[in-house]
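Asker: no sequence for this one, just the structure:
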């Protein structure tokens, strides 16, 4: 769920020798104070209050989609933060809130912005020092723009990543909550606030009832923001907090409340969270509907354009469901393998060979 974006472009440029030296000199005691635990009732109240008075807007259309790739965009955001160009980050964050823009394929730019800004660039293995340095840089952004909700939401997302790096460190998750509550006291409202809170709920292992309340409040705030559903689907995976069959049931329940083509698209978005060559995800697939997956994929492509990531997801779902026709169709359109889906080229090539064998 966490740290899925690896910013390949600019990594070495960002992680230059002076930066390595700076990281090496960071005090190990930075952020060492144990934060006071916020009562969960206070957090739930903030979740219900965040969207008070907010009027949901119609879903963004394909006309808002940009030809820029998600990878290039993430790299650019990561570079802006490395250069401490906080003014430009503020401008982009405000533009994302106002325009609610999409990438071709339907991914929200807001989602990519915060995932990129909150993840520390590095060349090699992740380390504690890298996270500390990155968090200090975000704190400089907050100091430069004290009324910026984007900076505080980025800090919360970074602390959630940091908690995941430390296998769910509770102190870091609490620091993420502190940042989100501080953002909630500001005037700006951003859809990603709820998604960042979902990531905290995952790290802290909230009860299913509270996680579902959070999802419902998020969807009420921005109904078309499908990333909320995928976050909740990750939470529902049996290896985490759900039970076997929870994700197929959730996909059916959530999508059934929408008309077509939104219904099938959402079904595909949710079920494609299982697009992984991993035993727990594969074990969930018998309960899904391949025709709905294929229909949702086709509708998403028709409305929002071709997405190589979506094609890879359809391919692996079709392979794991042993359906050669849909697998052949998906592989025929794939431009390149997505490592986050397949894990490596050997798995990809083996699956493609199976799909194309009569």
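Answerer: Arrived safely, thanks for sending. Since the model is a prediction, treat every value here as computed from it, not as a measurement. Numbers count the residues shown, from 1 in each chain.

Asker: wait, residue 47 touches residue 214, no?
Answerer: Yes - using Cβ atoms under 8 Å, residue 47 is in contact with residue 214, at 5.6 Å. In this view, the C-beta of every residue, glycine as well, is placed from N, C-alpha and C.

Asker: return the set of buried residues in stretch 200-208.
Answerer: If you call a residue buried by 16 or more other Cβ atoms under 10 Å, then stretch 200-208 has these buried ones: 200-204, 206.

Asker: hmm, I typed the wrong one, I wanted stretch 134-141.
Answerer: Buried residues in stretch 134-141 (16+ other Cβ under 10 Å): 134-135, 137-139, 141.

Asker: which residues does that stretch contact?
Answerer: If you take Cβ atoms under 8 Å, 6 or more residues apart in numbering as the criterion, stretch 134-141 is touched by 26, 30-31, 81-82, 84, 86, 89, 117-121, 148, 151, 154-155, 158-159, 162.

Asker: can you select the buried ones among these for me in ChimeraX?
Answerer: Entered in ChimeraX, the line below selects the buried ones among these, by 16+ other Cβ under 10 Å:
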select :31,81,82,86,89,117,118,119,120,121,148,151,154,155,158,159,162
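
Asker: okay, the buried residues of stretch 134-141 in a markdown table with secondary structure, pLDDT and distance to residue 51 next?
Answerer: Below are these laid out as a markdown table (DSSP: H, G, I helix; E, B strand; the rest coil; pLDDT from 0 to 100; distance: Cβ to Cβ, whole Å):
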| residue | secondary structure | pLDDT | distance to residue 51 |
| --- | --- | --- | --- |
| 134 | helix | 97 | 29 |
| 135 | helix | 97 | 27 |
| 137 | helix | 97 | 30 |
| 138 | helix | 98 | 24 |
| 139 | helix | 98 | 27 |
| 141 | helix | 98 | 25 |
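
Asker: quick one on the thing from earlier: among the contacts of stretch 134-141, which lie within helices?
Answerer: Within the contacts of stretch 134-141, residues falling in helices by DSSP state H are 81-82, 86, 89, 117-118, 151, 154-155, 158-159, 162.

Asker: overlap in contacts, residue 47 and residue 214.
Answerer: 194, 197.

Asker: more neighbours: which of those two?
Answerer: The neighbour count for residue 47 versus residue 214, taken as other Cβ atoms under 10 Å, is higher for residue 214 (25 against 22).

Asker: how near is that one to residue 267?
Answerer: Remark: distance between residue 214 and residue 267 (Cβ to Cβ, to the nearest Å) = 21 Å.

Asker: which stretches of the chain have low pLDDT?
Answerer: 1-33, 62-66 (pLDDT under 70).

Asker: can you give me the strands for it?
Answerer: Secondary structure of the chain, counting by DSSP state E: strands at 65-66, 102-103.

Asker: residue 118: what's it in contact with?
Answerer: When contacts are counted by Cβ under 8 Å, 6+ apart, residue 118 touches 138, 154-155, 157-158, 160-161.

Asker: now it, nearest residue through space, not along the chain?
Answerer: residue 157 (3.5 Å; Cβ to Cβ, 6 or more residues apart in numbering).

Asker: from the buried residues of stretch 200-208, pick the one nearest residue 218.
Answerer: Residue 218 lies nearest to residue 201 out of the buried residues of stretch 200-208, by Cβ to Cβ, at 10.7 Å.

Asker: so what's that closest one up against?
Answerer: If you count contacts by Cβ under 8 Å, 6+ apart, then residue 201 has 210-211, 214, 235 around it.

Asker: next one: residue 222
Answerer: By Cβ under 8 Å, 6+ apart, the neighbours of residue 222 are 56-57, 191, 194, 228.

Asker: do the same with residue 334
Answerer: Contacts of residue 334 (Cβ under 8 Å, 6+ apart): 308, 311-312, 315.

Asker: now the buried members of these.
Answerer: 308, 311-312, 315.

Asker: the closest residue to residue 49 other than its chain neighbours: neighbour count?
Answerer: Residue nearest to residue 49 in three dimensions, not counting chain neighbours: residue 184, with 7.2 Å by Cβ to Cβ, 6+ apart. Neighbouring residues of residue 184 were enumerated by other Cβ under 10 Å; the total is 19.
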